[in-house]
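1. Predicted model follows, preceded by the sequence.
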Amino acid sequence: MAINWRIFGSSHMQRRQPGGVLERFTRASVEAHAVNCHFKSIVRPQRVKAMTAHAATLEPGYRYVSANGDPVTFLDDQPRSGRTREVIATPLKIYHYNIKSRQEFIDTKLNRGRANMPAGNTRDMQYFRNHDLNQECLGFSSELLARLREEIRLLLPVMTPPPPPRFFVHIPKTAGTSFRLGARHQLGSQGVWHDYGEKQRETAPEVALWAHQRRDSWQLWQCLRERQVCLLAGHVGMDKYGHLAGLRDSFTFVREPLQRIASEYHHFVRHHQYRDSFQTFYRRQDMINRQARFLESTRLEALGMVGITERYADSLALINDRYGWQIPGLAENLGHDSVSHVYSIDTIDEAALRELNACDFSLYEQALALFETRLALWREGRPYAHGGIQQCQQDRVVGGVGRGRSTTTGRSSGGARQR
């Protein structure tokens, strides 16, 4: 039996959208279009001598018919052409979603081989344009789509949904390298992706593609979810991915500002052949209030966790408890044997640094106080939540409370003591 297909175009979609193919693409070619002369075959295998992607060479004495039972006339009178002389209208149809959206065509089909051609034959954008046929509206009823979704749900195994990707803001010289390598050790290389810049070898190829080349962070986050990536880490600000991960699933480490900037200066000297003075280095605009700029005025209480570099072991314990991980403690990328090493800074430099980095000092003090509160409550096994008061009037209090740590789930994201 020969059954003609009907080509569906992109429905003018440039990028992949949520939902199934039948819901997303509702514009098709006119039925009589020449491209719909292609057909697929339903055959009795025992009556077939040879088979291509479209047509069969039948044993002597057997022939093709349409779904109406009528004889079929093929192009050049040869079934192996894969095309009928004209489109045959029957109740049985094949809807062919050949290209989908432009993005899906480029990413998945452009360089894929073709079943009816020798190896090395691929498609190009002219193929997309030739098949992007959106001449008629042709969709399915909402009732039918609802029934289909229910059938799919029943067929799928019952599974606990995977946890969402978490976002680690790696502020330089806060022991972030030790953390991310420990995370890879426990979560696996496929479970941890990095964003350290488009050209950096640590950056995952998908991150380079979506975040840097196409500048589509939303699509990157869908990719993270589909691949069940546990963690995205990098020298990027909270504003880049925090809105996608959610603040409860975003976290960072901060460090005492004097020691952090001294450590970064020595790192530049060791690894980047920096030759200017310490004073010139810390007065660079990109080195002032470096930690505060990474967090972009984010309320620390709203973050899943803010670790303290000088309290790395306790911080790691809280992060593991918060996200259900078992990341080991590693010591990597340290200029000295331990982050407990204290760099010597003279009083003149210290005074200048405190003046230049007032935001970082305020941030660190706030983070340390929040950390001590969370750690004490965690050790006591007590729940907590974070909240804030926006207005306090005689007849009402206006504010909000965020989800915190539960004694039953072991989740922690807040900082206010339970009252």
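-> Sure thing, it's come through.

2. Would you map the helices across the stretch 201-350 of the chain?
-> For the stretch 201-350 of the chain, the helices defined by DSSP state H, counting those that start in this stretch cover 205-207, 217-226, 238-245, 257-271, 278-282, 290-295, 312-323, 347-356.

3. Tell me which of those helices lies nearest to R102.
-> Closest to R102 of these is helix 217-226 (Cβ to Cβ; 13.0 Å). Quick note: C-beta positions are derived from backbone N, CA and C, even for glycine.

4. For Q228, which non-adjacent residue is closest in space?
-> P162 (4.8 Å; Cβ to Cβ, 6 or more residues apart in numbering).

5. for G9, same thing?
-> Closest residue to G9 apart from its sequence neighbours, by Cβ to Cβ, 6+ apart: N134 at 3.9 Å.

6. From A34, how far out is the one you found?
-> 16 Å (Cβ to Cβ, to the nearest Å).

7. Give me the more crowded residue out of the two.
-> N134 (18 against 10; other Cβ atoms under 10 Å).

8. Is the more buried one located within a strand, as I assumed?
-> No - counting by DSSP: H, G, I helix; E, B strand; the rest coil, N134 falls outside a strand, being coil.

9. quick one: contacts for it?
-> G9, S10, S11, H12, R27, A28 (Cβ atoms under 8 Å, 6 or more residues apart in numbering).

10. Could you let me know which of those ends up closest to P328?
-> S10 (47.9 Å).

11. So what does that closest one look like in phi/psi?
-> With angles defined as degrees, to the nearest 10, S10 sits at phi -80, psi -10.

12. That one and F25 touch, don't they?
-> Yes - the pair S10 / F25 is scored as a contact, 7.3 Å apart, by Cβ atoms under 8 Å.

13. which residues do the two both contact?
-> K100.

14. Name the SS class of K49, please.
-> The local conformation at K49, judged by three-state DSSP, is strand.

15. Identify the residues contacting it.
-> Counting by Cβ under 8 Å, 6+ apart, K49 makes contact with A56, T57, L58, E59.

16. didn't L258 look like it was pressed against A352?
-> No - taking Cβ under 8 Å as the definition, L258 is not a contact partner of A352, at 10.8 Å.

17. Looking at these two, which is more packed in?
-> L258 (20 against 14).

18. Read off the pLDDT value for that one.
-> On the pLDDT scale, L258 is placed at 97.

19. Also the one 10 residues further on?
-> Reported pLDDT at F268 in the predicted model: 96.

20. Okay, it and Q279: tell me how far apart.
-> Going from F268 to Q279 by Cβ to Cβ gives 14 Å.

21. between the contacts of N134, which is nearest R214?
-> Nearest member of the contacts of N134 to R214, counting by Cβ to Cβ, is S10, at 17.5 Å.

22. quick one: pLDDT of that closest one?
-> With respect to pLDDT, S10 scores 96.

23. could you show me where the strands are in the stretch 101-250 of the chain, in order?
-> 136-137, 166-169, 192-195, 231-234, 250-254 (DSSP state E, counting those that start in this stretch).

24. okay if I get those strands as a markdown table plus mean pLDDT?
-> Shown next, in a markdown table, are those (pLDDT from 0 to 100):
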| stretch | mean pLDDT |
| --- | --- |
| strand 136-137 | 96 |
| strand 166-169 | 98 |
| strand 192-195 | 97 |
| strand 231-234 | 98 |
| strand 250-254 | 98 |
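
25. do you know which of these lies nearest F361?
-> In terms of Cβ to Cβ, the element of the strands of the stretch 101-250 of the chain nearest to F361 is strand 250-254, at 10.8 Å.

26. Wait, D349 touches Q279, no?
-> Yes - in this structure, D349 is within contact of Q279 by Cβ under 8 Å, at 6.7 Å.

27. Quick check on those two: which one has the bigger neighbour count.
-> Taking other Cβ under 10 Å, D349 and Q279 do not tie; D349 has more neighbours (16 against 12).

28. Please report the distance of the more buried one from D286.
-> For D349, the distance to D286 - Cβ to Cβ - is 18 Å.

29. same check, this time on N130
-> Distance, N130 to D286, by Cβ to Cβ: 50 Å.

30. quick one, which of these two is more surrounded?
-> Each of N130 and D286 has its neighbours counted (other Cβ under 10 Å); N130 has more, 14 against 6.

31. so what's the more buried one up against?
-> Applying Cβ under 8 Å, 6+ apart to N130 gives the contacts V35.

32. can you start the count at 25 instead of 1 from here on
-> Taking 25 as the first residue, the last one we looked at is N154.

33. Of the helices of the stretch 225-374 of the chain, flag the one that's most buried.
-> Using mean count of other Cβ atoms under 10 Å, the stretch among those with the greatest mean number of neighbours is helix 314-319 (a mean of 21).

34. related to what we said a few turns ago, just tell me which of the helices of the stretch 225-374 of the chain ends up closest to P407.
-> Closest approach to P407 among these (Cβ to Cβ): helix 336-347, 12.6 Å.

35. Out of the helices of the stretch 225-374 of the chain, which is closest to V422?
-> Closest among the helices of the stretch 225-374 of the chain, using Cβ to Cβ: helix 262-269, at 24.0 Å.

36. What's the local residue count around Q214?
-> 12.

37. scratch that, L233
-> By other Cβ under 10 Å, the residues close to L233 number 16.

38. Okay, it and A326: tell me how far apart.
-> L233 is 30 Å from A326, by Cβ to Cβ.
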